[in-house]
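Undergrad: Sequence first, then the predicted structure:
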Amino acid sequence: MSGEAAAVLLRHVSKHYQRGGQIVPVLSDIDFAIARGDFLALMGPSGSGKSTLLNLIAGIDRPSSGQILVADVDIATLDERELADWRARNVGFIFQFYNLMPVLDARENVELPLMLTSLGRRERRSHAELALEMVGLADRMDHYPNELSGGQQQRVAIARALVSDPTLIVADEPTGDLDRKSAGEILDLLEQLNGELGKTIVMVTHDARAAERAHAIRHLEKGELSALEQREVA
Ligand code: ADP
Ligand code: MG
């Protein structure tokens with residue numbers, strides 16, 4: 001795959017953590033590309049480095065060596081401020097435990113990423129409301145996180161991830177804390193973001209049922225990635 005066709009391109013990426021005098025190697029010489037509009041599931045045992053890899057792709061963390069290009073931007077060349085700005089415009093995050101702010105209602109939680117943009121108050125509000133309508137929560141906009149079920153909180157988190165219209169969405173165990181029915185609804189939404197809005201999605205999951213919704217699966221083990229398993233897309 002050429003660089004131009006890729007949404008995400010990793011070249012010889014390694015990552016270790018330093019703890020005291022000790023070096024903890026996590027990823028070793030990872031080389032792979034994710035095509036624009038793809039939906040990739042990343043699987044692997046606990047501690048294998050899935051979250052680390054996702055955080056590198058999303059520009060939350062930096063590699064120890066190697067190069068990461070997202071939408072043709074070499075994110076290693078950005079300083080902290082540029083990186084934060086780039087992230088706000090290009091990447092949406094979904095976490096296992098939703099990471100909503102408990103003191104903000106659903107609408108305000110979804111508005112948060114827009115605080116880093118030049119949008120005015122009224123525009124932020126209407127963008128947030130549109131995103132909440134998209135995830136089926138038009139009737140829950142002024143509910144606080146503790147007034148929502150887990151599945152609803154995750155839908156608020158999805159609205160927050162898509163409100164800035166990013167090209168890339170990363171999800172770290174998005175269904176890990178949900179019952180089967182709510183998990184299914186979250187996966188339906190991710191499928192919709194990918195299929196209808198063309199978002200590139202990278203989803204870390206333990207759950208084979210969740211991984212089945214992706215177009216392709218890679219396994220991470222002992223710091224190395226398996227070959228791509230392309231799935232039949234119905
Ligand atoms: P996974 O998401 O696959 O469970 P992680 O990416 O969270 O795995 O962690 C991979 C390895 O890196 C683990 O051995 C973990 O202990 C280690 N690790 C993660 N973050 C840090 C950190 N900030 N400092 C030191 N070690 C870390
Ligand atoms: Mg993890």
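TA: Arrived safely. Residues are numbered from 1 along each chain as shown. Ligands and ions are numbered 1, 2, ... in the order given.
Undergrad: Please identify the helix or strand for the most centrally placed residue in the chain.
TA: Closest to where the C-alpha atoms of the chain average out (C-alpha atoms, centre = their mean) is Val170, at 1.2 Å. Remark: Val170 resides in strand 168-172, with elements defined by DSSP states H and E.
Undergrad: Can you tell me how far the residue nearest to the centre of the chain is from Arg140?
TA: For Val170, the distance to Arg140 (C-beta to C-beta, to the nearest Å) stands at 25 Å. Heads up, the C-betas are built off the backbone N, CA and C, glycines and all.
Undergrad: show me where this structure has strands.
TA: Using DSSP state E, the strands found in the chain span residues 6-19, 22-35, 39-43, 65-70, 73-74, 91-94, 168-172, 200-204, 216-221, 224-225, 229-230.
Undergrad: which one of these lies closest to Arg124?
TA: strand 91-94 (15.8 Å; C-beta to C-beta).
Undergrad: ok, the strand holding Val170 near ligand 1 or not?
TA: No. With C-beta under 6 Å from any ligand atom as the measure, strand 168-172 is seen stopping short of ligand 1, the closest distance being 7.3 Å.
Undergrad: What parts of the protein come near ligand 1?
TA: Near ligand 1, when you scan the chain using C-beta under 6 Å from any ligand atom, you find 17, 19, 24, 26, 44, 46-52.
Undergrad: out of those residues, which are buried?
TA: 26, 44, 48-52 (16 or more other C-beta atoms under 10 Å).
Undergrad: now those in a markdown table, with distance to Gly92 and pLDDT?
TA: Formatted as a markdown table, those follow (distance: C-beta to C-beta, whole Å; pLDDT from 0 to 100):
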| residue | distance to Gly92 | pLDDT |
| --- | --- | --- |
| Val26 | 24 | 95 |
| Gly44 | 22 | 93 |
| Ser48 | 24 | 93 |
| Gly49 | 22 | 95 |
| Lys50 | 18 | 95 |
| Ser51 | 16 | 95 |
| Thr52 | 19 | 96 |
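Undergrad: Take those residues and keep only those in helices.
TA: By the criterion of DSSP state H, membership of these in helices covers 50-52.
Undergrad: I'd like those residues laid out as CSV, including distance to Leu69.
TA: Compiled in CSV, those are given as follows (distance: C-beta to C-beta, whole Å):
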residue, distance to Leu69
Lys50, 20
Ser51, 21
Thr52, 18
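Undergrad: what sits against the nearest residue to Phe95 once chain neighbours are set aside?
TA: Of all residues not flanking Phe95 in the chain, Asp172 sits nearest, at 5.5 Å (C-beta to C-beta, 6 or more residues apart in numbering). By C-beta atoms under 8 Å, 6 or more residues apart in numbering, the residues touching Asp172 are 50-51, 54, 93-96, 204.
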